[in-house]
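Enquirer: heads up, no residue letters with this:
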């Protein structure tokens, strides 16, 4: 049977999903039916059985493609936020079919010829969005092997299909390896952990007892590798051995070095991503060579701002040189302070613990002491207020069918009415992939027939959940992550482009897509911004001046170390995709070489962080992780324009906000990111603001 995805109580342009009616079986059926319809239409195109104009035919086909991605998008989303065996099996069963269809579309010469026909009609057009959409579509055909001979097309299709399955397996292994560790704690091991941390560990204990009803526990507390619970131990537990145990468990996930609790049952090999990683790299190299590139970085950079591998390396190594003296000073400071704690031999599992105490001593800043000032509802309301002031849009909470009780739905309105919708799912739980992300579930689009779709997105986090009768209390790092993901959401929601392929985030170069997200983080550091998002959970008092001053003074605390860490990840990603690797040992050698070049803190030999590096092995950042630093240059420079024009109103400036809206957020991918930035700032981006914001000076 078919289901109606739309909720009749909402504007039909939102096409909201009724999550109470979705099941894996129904979503699979809907996806398969949509695939059949699209394949049949493509058959007609390839057989010359289309009477409409090229642009009308493409528009009709695009509608059919969106009908595929709608149910599969829901299924894929549920696999990330509510994964179970049924959802996972159904999702993975469909992946080869989606891959097969994607390859067929990308290699369809008749469809390609339709786009070329449309391109020829746009030579004198002023419709920049349509021109850009067609240009990107033709580029996508080239990168899908449309010009390959038939035997090579078949080889390409097999590679794409296998890559889609391997990426899903990689993600599964990280999720399962994370869930396979749960360590019951003794009373002695609880020493130093904050009340909020204890509450989190107790909630993990309740989950553990429900899962293992016949096991007795020494206490009600259980340590897991879910990030809020993990950090509760690593930052505060005085038991050094406990910190070491968790450190090794976390940094060896999904590898042959992995640590498990209870019976191992061969899980080490079951969840080991090593062979998968080597195979993914081998297939990406094969794909690149089929397309005429010497390595996969060429494929990746074809659709990015950066021109080539050498340009990125130069940028990263130059930034590393700027950060290195500051990072060395950060480490010396840690080592000296550690001696006051009786630690003469600082190990990686001590860094977070020492740093927390050092930050408190240096700036009178206790991360846990400021947490009560950031209740999640207060932060959300304050962030929405900042967004309204800057961009003139309102987030209005509405009751809508959702996939979990903690999820909230908001309509988004500007002065003329409804412009989109956002689902917000902020808290960590079992079955949810780690990290935070924005899923651009549904793009803004107006078809040639006049049917309209407004943008809808999913904002997902893994923040500290509510405990007892208190709302979730966020760390400032979690606040920054929330602002970051909402920067992505605004990019998606505030678009004024009505062609889905270039509206919102779609069509934006990957190394520029982080610009709005990193830009928004600045408002969670601004004094007037913090005043809007902070209020004590019990007293409603604002964040006291001494704590605010301490926070602002500590903004660049250990920024040297943090910058080198990001550069380490970026160089590693770039080099393994330029190395044409096909063995796991080559991957380990590459990360060790990068660390010798740019790192100042060396992890133990069993460290296997790459085995859970989902951004590049299961996400879209392959040969593109440098994008975070590349876009940070853009975002820092963009915020510098707000700083330069602060005046009496400060950086939450509606007039500059409107310029950012019109020239960057509204334009989406209809122009290049470089053109958008120049239109906003009046010049090309410079590195000065990034160095200043990082505390590295202006040189």
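Expert: It's in. Since this is a predicted model, take the numbers as computed values, not measurements.
Enquirer: give the contact list for residue 291.
Expert: Residue 291 sits next to 142-143, 145, 148, 299 when contact means Cβ atoms under 8 Å, 6 or more residues apart in numbering. Bear in mind the C-beta positions are built from the backbone N, C-alpha and C, glycine included.
Enquirer: could you measure residue 195 against residue 588, distance?
Expert: Distance, residue 195 to residue 588, using Cβ to Cβ, to the nearest Å: 41 Å.
Enquirer: repeat for residue 397
Expert: Residue 397 sits 48 Å away from residue 588, taking Cβ to Cβ as the criterion.
Enquirer: What is the neighbour count of residue 168?
Expert: Residues near residue 168, counting by other Cβ atoms under 10 Å, number 17.
Enquirer: thought it was touching residue 93?
Expert: No: under the criterion of Cβ atoms under 8 Å, residue 168 makes no contact with residue 93, lying 10.5 Å away.
Enquirer: name the helices or strands packed onto the helix or strand containing residue 31?
Expert: Secondary structure assigned from DSSP states H and E places residue 31 in helix 24-46. With contacts defined as 3 or more Cβ pairs under 8 Å, 6 or more residues apart in numbering; DSSP states H and E, the packing partners of helix 24-46 are helix 54-81, helix 85-106, helix 109-121.
Enquirer: quick one, which of these is nearest to residue 287?
Expert: The closest of those to residue 287 is helix 85-106. By Cβ to Cβ, the value is 10.9 Å.
Enquirer: ok and that closest one relative to helix 24-46, angle-wise?
Expert: Interaxial angle of helix 85-106 relative to helix 24-46 (axes from the mean of the first three to the mean of the last three Cα atoms, to 10 degrees): 10 degrees.
Enquirer: Let me see the contact set for the closest residue to residue 377 other than its chain neighbours.
Expert: Sequence neighbours aside, residue 471 is the residue nearest to residue 377 in space, at 5.6 Å (criterion: Cβ to Cβ, 6 or more residues apart in numbering). When contacts are counted by Cβ under 8 Å, 6+ apart, residue 471 touches 375-377, 537.
Enquirer: Quick one, which of these are buried?
Expert: Listed as buried from these are 375-376, 537; burial here means 16 or more other Cβ atoms under 10 Å.
Enquirer: Just those residues: which are in helices?
Expert: Here DSSP state H is the test, and the buried ones among the contacts of residue 471 give residue 376 as lying in helices.
Enquirer: would you list the buried ones among the contacts of residue 471 in JSON lines and tack on pLDDT and distance to residue 16?
Expert: Listed next are those as JSON lines, based on pLDDT from 0 to 100; distance: Cβ to Cβ, whole Å:
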{"residue": "375", "pLDDT": "97", "distance to residue 16": "28"}
{"residue": "376", "pLDDT": "97", "distance to residue 16": "23"}
{"residue": "537", "pLDDT": "96", "distance to residue 16": "32"}
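Enquirer: sorry, back to before: closest one to residue 495 among the helices and strands packed on helix 24-46?
Expert: helix 54-81 (16.0 Å).
Enquirer: Can you point out the buried residues in that closest one?
Expert: 54-55, 57-81.
Enquirer: what does stretch 365-377 give?
Expert: 365-368, 370-376.
Enquirer: Just list the residues touching residue 250, thanks.
Expert: With Cβ under 8 Å, 6+ apart, residue 250 has these contacts: 225, 230.
Enquirer: Would you check how far apart it and residue 193 are?
Expert: Distance of residue 250 to residue 193, computed by Cβ to Cβ: 17 Å.
Enquirer: more crowded one of residue 195 and residue 588?
Expert: Per other Cβ under 10 Å, whichever of residue 195 and residue 588 has more neighbours is residue 588, with 15 against 10.
Enquirer: what separates that one from residue 274, distance-wise?
Expert: As for residue 588, its distance to residue 274 is 9 Å (criterion: Cβ to Cβ).
Enquirer: Over to residue 25?
Expert: From residue 25 to residue 274 the distance is 34 Å (Cβ to Cβ).
Enquirer: quick one, which of these two is more surrounded?
Expert: residue 274 (20 against 11).
Enquirer: And the helices in the stretch 251-400 of the chain?
Expert: 267-270, 274-290, 296-301, 309-340, 348-363, 367-370, 376-391 (DSSP state H, counting those that start in this stretch).
Enquirer: same check, this time on the stretch 401-550 of the chain
Expert: 476-493, 515-521, 527-533, 545-553.
Enquirer: Go through these and name the closest to residue 234.
Expert: Using Cβ to Cβ, the helices of the stretch 401-550 of the chain put helix 476-493 closest to residue 234, at 13.1 Å.
Enquirer: List the buried residues in the closest one.
Expert: If you call a residue buried by 16+ other Cβ under 10 Å, then helix 476-493 has these buried ones: 476, 478-493.
Enquirer: With stretch 642-654 instead?
Expert: For stretch 642-654, by 16+ other Cβ under 10 Å, it's 642-643, 651-653.
Enquirer: Tell me which of the helices of the stretch 251-400 of the chain lies nearest to residue 624.
Expert: Here helix 296-301 is closest among those (Cβ to Cβ), at 5.4 Å.
Enquirer: from the middle of its chain, how far away would the closest one be?
Expert: Counting by Cα atoms, centre = their mean, to the nearest Å, helix 296-301 is centred 20 Å from the centre of its parent chain.
Enquirer: other SSEs contacting it?
Expert: helix 274-290, helix 309-340, helix 559-578.
Enquirer: Just name the most buried of the ones you listed.
Expert: Counting by mean count of other Cβ atoms under 10 Å, helix 559-578 has the highest mean neighbour count of the helices and strands packed on helix 296-301, with a mean of 23.
Enquirer: distance between the helix or strand just after that one and the chain's centre?
Expert: The element immediately downstream of helix 559-578 (helix or strand, assigned by DSSP H and E) is helix 584-598. Centre-to-centre, helix 584-598 and its host chain are 24 Å apart (Cα atoms, centre = their mean).
Enquirer: Check which residues of helix 584-598 are buried.
Expert: Result for helix 584-598 [16+ other Cβ under 10 Å]: buried residues 584, 587, 590-592, 594-595, 598.
Enquirer: what about residue 103, neighbour count?
Expert: Count around residue 103 with other Cβ under 10 Å applied: 20.
Enquirer: Which residue lies nearest the spatial centre of the chain?
Expert: With distances taken as Cα atoms, centre = their mean, the residue of the chain nearest its centroid is residue 437 (3.7 Å).
Enquirer: Bridge partners for the nearest residue to it once chain neighbours are set aside, pull those for me.
Expert: Spatial nearest neighbour of residue 437, excluding adjacent residues (Cβ to Cβ, 6+ apart): residue 460 at 5.3 Å. Note on residue 460: beta-bridge partners by DSSP bridges are residue 425, residue 437.
Enquirer: Quick check: residue 460 touching residue 434?
Expert: No: checked against Cβ under 8 Å, the pair residue 460 and residue 434 is beyond contact range at 10.4 Å.
Enquirer: who has more neighbours, these two?
Expert: Just comparing residue 460 and residue 434: by other Cβ under 10 Å the higher neighbour count belongs to residue 460, 22 against 16.
Enquirer: quick one, what contacts the more buried one?
Expert: 80-81, 425-426, 432, 436-439, 485.
Enquirer: Mind pulling up the pLDDT for it?
Expert: With respect to pLDDT, residue 460 has a value of 98.
Enquirer: these two touch, right, residue 66 and residue 500?
Expert: Yes: Residue 66 lies in contact with residue 500 (Cβ under 8 Å); the separation is 7.1 Å.
Enquirer: which neighbours do these two share?
Expert: In terms of Cβ under 8 Å, 6+ apart, residue 66 and residue 500 are both contacted by the residues 445, 453.
Enquirer: Good, we can wrap up now.
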